[in-house]
Structures are given as structure tokens and as C-alpha cells.
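[1] Need coordinates for the following:
(one chain, ligands or ions: 1)
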Amino acid sequence: MPDSRPRRTFAVISHPDAGKSTLTEALALHARAINEAGAVHGKGDRRGTVSDWMAMEKARGISITSAALQFAYRDHVVNLVDTPGHSDFSEDTYRVLSAVDSAVMLVDAGKGLEPQTLKLFQVCALRGIPVITVINKWDRPGLSALELMDLIHEKIGLRPTPLTWPVGEAGDFRGVLDRRTGEFVKYTRTAGGATRAPERRIGPGEVEEPDAQAWAAAVEEHELLELDGADHDQRRFLAGATTPVMFASALQNFGVAQLLDLLLDLAPAPGATTGVDGAVRQVTDDFSAFVFKVQSGMNAAHRDRLAYARVVSGSFERGMVVTHAATGRPFATKFAQAVFGRETTSVETAEAGDIIGLVNANALRVGDTVYVGPSIEYPPVPTFAPEHFMTASAGDIGRYKQFRRGIEQLDQEGVVQVLRSDLRGDQNPVLAAVGPMQFEVVEDRMTNEFNAPIRFSRLDYQVARRTDAGGAAALAGIRGVEVLQRSDGTHLALFVDQWRAKTTARDHPDVMLEALPAGG
Ligand code: GDP
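    Numbering: from 1, shown residues only. As a prediction, the model looks like this:
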């Protein structure tokens, strides 16, 4: 039976340590009547999100893949798509954001807008993903709420429209003023935030000591915001001009239920999607999905590739035979699974907005479309401008075959971009990355998974522009420029610096030199 409950599919974007894992747990806690958050997140080891999720799955019947956490709230199904947590910026995160309909921007009240948050925000802006802002850690001393609003406006250019306003300054979190109803939502601490934080709604005229003074200050600021026109407007929010803001303490579970309510009330549901040829799929049309993440090496016994796909339209049923748009070949989904660590559970059905893991997906690459019914192909997941380049060669020439296979695999997973040219030959591909950590991942996986040691040698390029075969011919032999071809066929001209890119464009006005979306 298809599950027809409405969907919300979102990701949390934040700088490391802003509280993403804490918030994720708190959201799942609110979504199900479970009493002990502490039992799940095993205090000492906060990095173990993966095992946390496994524990959650067992404890609460929440369905999890390592790519997404799914839970029920009110009459909805919510999909929280995981963004990679490492501090270095890599392309994975961009791709994950192509699978969501909205994003929650989590801001540490003490730190304001940090670099990784800003970068991730840019990707949301580029893709037109509406953003809800959560100011976290309000239980700790930090910036003033008005200062934070100025920072948001200044740094990301969106008009903040607070839906709640804190009662008590940062470090003295008593509750919030609900700007839509004018009520005081009063929070009460519980030990370590381990249980659902109780909240009480109090009418505007009924706020008593010891909260009266903090309340009066909040009311005053709320009125200032009103005069300033900083009120929520759904149309402007969806158009990416404003961001609704709320205040929370994920650690104490303050504001977490409000965030879930907001997601249901304001965040967009999965919508119609346009294919490359202009054909449109409504969510109620035949099944279609696109792959946003590919993972392998999950099971050392058989090197299986798992493709995570977001359902764009229709209903998925395990066993369906779908068409792989890139090759036109049929693909049997008899092994569709929610795979988690070593545990696997079969996904029987999924709806538009849900994330499925397709096993045995050796033909599927990031960005690929699968569908049933009339043919459809979704636009490729955008690639971003690489800024770091290395040549790679087999560290052990006797293991060249393994080296070659490993590079091919990592290329298909989108771990790095792989560039080649006749001049350099096939044995020395150039690896291009948005963030330098991508090379570490390559090195680690080549050594441990493919048993093929790899040698890197840094290249002096910093800037890449898209060109074509004509450009490749025209730019051949020019100093400080090299044209290579990416495995998807795109020609990339690499330049030692911006200046060289500019002067080359000026000196060769007929050559196509297109900027790629900026990444890191
Ligand atoms: P992530 O790196 O974004 O996943 O951050 P974590 O969820 O691991 O949190 C980083 C640190 O901040 C941990 O020590 C958390 O306990 C702490 N933290 C998270 N949310 C809050 C909060 O609302 N208040 C306070 N005081 N600490 C928090």
C-alpha cells in the first residue's frame, strides 16, 4: 500500500559544532513518543552519529539509511537528508542539497554566521532552496538577537523574519514570544534535556515574575521588528528573499517541536520537476527518481555499489523494473533497500520526497535518472568549480590494473573529478577537487579498498573554466593554460590564476570560457 501522507524533505546546513547532530536527535525525539534522548546519544561519544542512528532505528522504528532519517510527525512523513559532517568542504554536500526541498540553517548564537554555513547557504541560494534559520544554543551567552538579525541580513542578503523572539538574552533562555499569536511560550529545563522539554503557553497580559522584565524587553523588540516590516511572508520566503527565524536550544530540546511545526506549515512539499527536454513530472505521475549519492565498499565481501536516489514523482515499489535514462536499459529494483551499516531492511514502497537506496547499482552514477512510463531525464546535479588539482599515478606499477579500476570507481561515485588529455596519457589522470579533503578520501580508499597505492603530485592550477573542443585546440600550447577533458565529456581549461584566465579570455574572444558555479 502506498503511504500517502504528505512529505517534507530537508537538510540541516551548519558549521561543524553548531549542533547539527544534537538537533537531529532532538527532532527524532519529538517526532516519536520516546522519553530518553540520552539513551541514544551516549554522551561521551558525540561523533557516533551513525551508531546513534542505528540505535534510534531500533528504539523507535524510525527508518534510516545512512543517507537519510525518516520519521513521522503529525500527519506527515519527514525526511531529514544527512549532509557530510567534515569541516572541509567537498562536493558531496552540494549533491545532497539537490535532493531536498528546503534547508534549515543552524546558527550558533555565540558565533554567528560561520564560513561553512555561508558556503552551504550559497548552494541553497543557487538552487533556489528556501531556508529556515534556527539560532541555536540560546541557553549560552552569545550575541544579541538583534545583532544576529543584522548579521544574517548583511552576510547572506536574506531578510530575516523572526517567527519567535527570545525571552531572556542568550544565556538566560526563559522561552520565546510567538510572534504570530503574541503568546509567551515558557520553557522549563529538565535534567540534561533528556526528556521532552515541557512548554507552557501564557497570554500576553498574563506574564508574571520572574519573567516580566525579560518579557517586556522581548515585546519591545518584537514591536520594533513589526515597524521594520520583518514579518513572515510565505511568498517571499519561497522565492528565496526572506528567511523565517526561530530561537532554540537543541541540547535542552527548546524550540524543537516548533521547528517541526514550521517545517510542516511553511516548508515546501515535493513539487513538479522539469526534465532536460522541458517535460514536466507532477509528483502524482509515474515513478521517477534521480541519484544524488553513490557509495561502495559497504560490504567488503562483494563490492556492491549502492545508489541513493530521491523519488521525484510517483510511487516506488520494490521489485519494479525501471528504465535507466542514461543508457535506456532496464534496471531491476528487487534489491532496493534501506541499508544501514550492516543491517539491511527492504524498502517496500516510497513516495515522492523519500530517499531510497538501490543495491547492485553498478550502472548508476551521480545525477542519473531512473523512471517508469514516458521517458524523463532530470538535469545533471551541478558540478562546481574545482580549485585544487593533482596528477595521480600508481604508487606500485605492478598494481596498475587495480589503480585504474579504483580511479574509475571513485570517478563514478563523484569522489573527485577525473580529467584526462592525450598529452598526459591515460596512466596519469588529473584529479580535480573543490576541497582538498577529497584527495585524502581518494588516498585512503585507493590504499585500503582497492589495494592500489597512489602517488599525487600537485599541479599549479587554481582556476577552471568550461570550454569546448574548439577551445581545446585554440588554447593548445599557451603558457599557464591547459585543457583537459572530464569523464562526462566536459572540456575544462585550467589556469594558474585568475589573472591568466582573464587575459586569456580577453586575448581569445572567440573561445568559449565559461565560469562554473563557485564552490569552496
Ligand atoms: P555538530 O558538529 O554540528 O553535529 O554539533 P554537535 O551536535 O555535535 O554539538 C557540538 C557541541 O555543542 C556538543 O558539545 C553539544 O553538546 C553542544 N550543543 C549542541 N546544541 C547545543 C545547545 O543548544 N546548547 C548548548 N549549550 N550546547 C549545545
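[2] Tell me how far Thr93 lies from His491.
    According to C-beta to C-beta, to the nearest Å, Thr93 and His491 sit 26 Å apart. In this view, the C-beta of every residue, glycine as well, is placed from N, C-alpha and C.
[3] Whichever residue of the stretch 251-400 of the chain sits closest to the ligand - how many residues pack around it?
    Closest to the ligand within the stretch 251-400 of the chain is Leu251: 3.4 Å, counting by C-beta to the nearest ligand atom. Neighbour count for Leu251, taken as other C-beta atoms under 10 Å: 18.
[4] Over to the one 5 residues further on?
    If you count neighbours by other C-beta under 10 Å, Val256 ends up with 26.
[5] Tell me, how many residues neighbour the closest residue to it other than its chain neighbours?
    The shortest distance from Val256 to any non-neighbouring residue, by C-beta to C-beta, 6 or more residues apart in numbering, is to Ala26 (4.4 Å). The tally of other residues near Ala26 (other C-beta under 10 Å) stands at 28.
[6] The host helix or strand of Ala26 and the ligand, any residue contact?
    Per DSSP states H and E, Ala26 falls inside helix 20-31. Yes - contact of helix 20-31 with the ligand (C-beta under 6 Å from any ligand atom) involves 20-22.
[7] so who does Leu224 touch?
    Residues near Leu224 by C-beta atoms under 8 Å, 6 or more residues apart in numbering: Leu146.
[8] how about low-confidence regions in the stretch 1-150 of the chain?
    Counting by pLDDT under 70, the stretch 1-150 of the chain contains low-confidence ranges at 1, 32-66, 84-90.
[9] who in it is up against the ligand?
    Residues of the stretch 1-150 of the chain lying near the ligand (C-beta under 6 Å from any ligand atom): 14, 16-22, 46, 136-137, 139-140.
[10] List, one by one, the residues from the protein near the ligand.
    14, 16-22, 46, 136-137, 139-140, 249-251.
[11] So which of those residues sit within helices?
    Of those, the ones assigned to helices by DSSP state H are 20-22.
[12] Which single one of those residues is nearest to Pro6?
    Lys20 (24.7 Å; C-beta to C-beta).
[13] Tell me how many other residues crowd the closest one.
    22.
[14] my guess is it meets Leu106, correct?
    Yes - contact criterion C-beta atoms under 8 Å: Lys20 and Leu106 qualify, at 5.9 Å.
[15] Show me whatever sits in contact with both of the two.
    12, 14.
[16] Report the contact partners of the closest residue to Gly471 other than its chain neighbours.
    Distances taken as C-beta to C-beta, 6+ apart place Val511 nearest to Gly471, at 4.6 Å, with adjacent residues excluded. Val511 is in contact with 467, 470-471, 474-475, 504-505, counting by C-beta under 8 Å, 6+ apart.
[17] Of those, which belong to strands?
    Thr467 (DSSP state E).
[18] Out of the contacts of Val511, which is nearest to the ligand?
    Thr467 (39.0 Å).
[19] ok, now how distant is Asp108 from Ala363?
    Distance of Asp108 to Ala363, computed by C-beta to C-beta: 42 Å.
[20] Show me which of those two is the more surrounded one.
    For Asp108 versus Ala363, neighbours defined as other C-beta under 10 Å are more numerous around Asp108 (20 against 15).
[21] Verify the contact between the more buried one and Glu114 for me.
    Yes - applying C-beta under 8 Å as the test, Asp108 and Glu114 come out as touching, 7.1 Å apart.
[22] got the domain boundaries for the protein?
    As given by the TED database, the domain ranges for the chain are 7-38+62-269, 274-371, 388-515.
[23] neighbouring contacts of the strand or helix carrying Leu431?
    For Leu431, the host element (DSSP H and E) is strand 430-433. Contact with strand 430-433 is made by 90-91, 386-392, 416-421, 424, 438-439, 442, 456, 459, 464, 484, 486, 492, as judged by C-beta under 8 Å, 6+ apart.
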